[in-house]
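Enquirer: dropping the sequence and predicted coords here.
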Amino acid sequence: MEKYRVTLDTDERATLEQLVNVGKGAARRLTHARILLLADTNGPKRSDALIVEALGTSIRTVERVRRRLVTEGLQAALDPRPQPARPAKVKIKGDIEQELIRLACSDPPEGRCHWTLQLLADELVVLGLAKSVSHETIRQALKKTTSSRGSSRRGASHHKPTRNTSGEWRT
C-alpha cells in the first residue's frame, strides 16, 4: 500500500497547533489535526500504530487523513467529507397511501379472510401504483395511520371500567 508522507510547513503546523490548543471544534476535526501533527515528518518519527495508540482511532483513519492532506490539501484533511444523501424514509405517501388504506379497508380477495401485508404489497404492484414494494414498507405505512377498522379509538385492547369493592365505578 502506498504511504503518503505528511510534511507540514510552519504555517500549517501553527494552524493545527492553535486548533488543538484551543480545543473548541468538532471532535473529528480535532482528531484529524492531532493525526496530522503526530504524522508530520518534520517532528519525531511516529509510526501509524503509535498514532493509533495515542489517539484511540483506527489505522484506516490515519491512512485516510494522510492521503487527503497530500492529495487534497489541509482543509480537506481536517473537514470530514459530507455524507451521501440518504434515501427517503417514507416510501408510500400521498395518493398511493390513500389507495393502500382504501385497499386494506376493503374486502379481502376471494378465498382469504383478511388482507396480509404481502397481499397488499402484491396488489399495489398489480394496480401499477409501485414497481416493487416490500411487506415491511406496507407495514410501516399502515402503522403510521391512526385508523383502526371497527373502532373509533386507537389500540388493540380497550380499557373497560370495572367496579371496585366500595361500590364506586373506577375508570
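Expert: Great, that's in hand.
Enquirer: use CA for all of it now, contacts and neighbours both
Expert: OK.
Enquirer: need the mean per-residue confidence for the helix or strand L36 falls within.
Expert: Here L36, judged by DSSP states H and E, is contained in helix 27-39. Mean pLDDT, computed over helix 27-39, is 93.
Enquirer: show me the strands in the protein, by range?
Expert: Remark: strands assigned in the chain by DSSP state E are 162-163, 169-170.
Enquirer: let me know the pLDDT of R46.
Expert: For R46, pLDDT reads 86.
Enquirer: thought it was touching I35?
Expert: No: at 10.5 Å, R46 and I35 do not qualify as touching, with contact defined as Cα atoms under 8 Å.
Enquirer: those two: which is more packed in?
Expert: I35 (26 against 12; other Cα atoms under 10 Å).
Enquirer: now do the contacts for the more buried one.
Expert: I35 makes contacts with 51, 55, 62, 65, as judged by Cα atoms under 8 Å, 6 or more residues apart in numbering.
Enquirer: among these, which two are most distant?
Expert: The largest separation in these, counting by Cα to Cα, is between L55 and V65 at 13.4 Å.
Enquirer: from N42, how far off is Q118?
Expert: According to Cα to Cα, to the nearest Å, Q118 and N42 sit 64 Å apart.
Enquirer: may I have the helix holding L36 as CSV, with CA atoms only?
Expert: Presented in CSV, the C-alpha positions along helix 27-39 are these (Å, rounded to 0.1, in the frame of the first residue of the first chain):
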residue,chain,number,x,y,z
ALA,A,27,-14.2,16.2,17.7
ARG,A,28,-13.4,14.6,14.3
ARG,A,29,-11.7,17.8,13.1
LEU,A,30,-9.6,18.0,16.3
THR,A,31,-8.7,14.3,15.9
HIS,A,32,-7.6,14.8,12.3
ALA,A,33,-5.5,17.8,13.4
ARG,A,34,-3.8,15.7,16.0
ILE,A,35,-3.2,12.9,13.5
LEU,A,36,-1.5,15.4,11.1
LEU,A,37,0.7,16.8,13.9
LEU,A,38,1.8,13.4,15.0
ALA,A,39,2.4,12.2,11.4
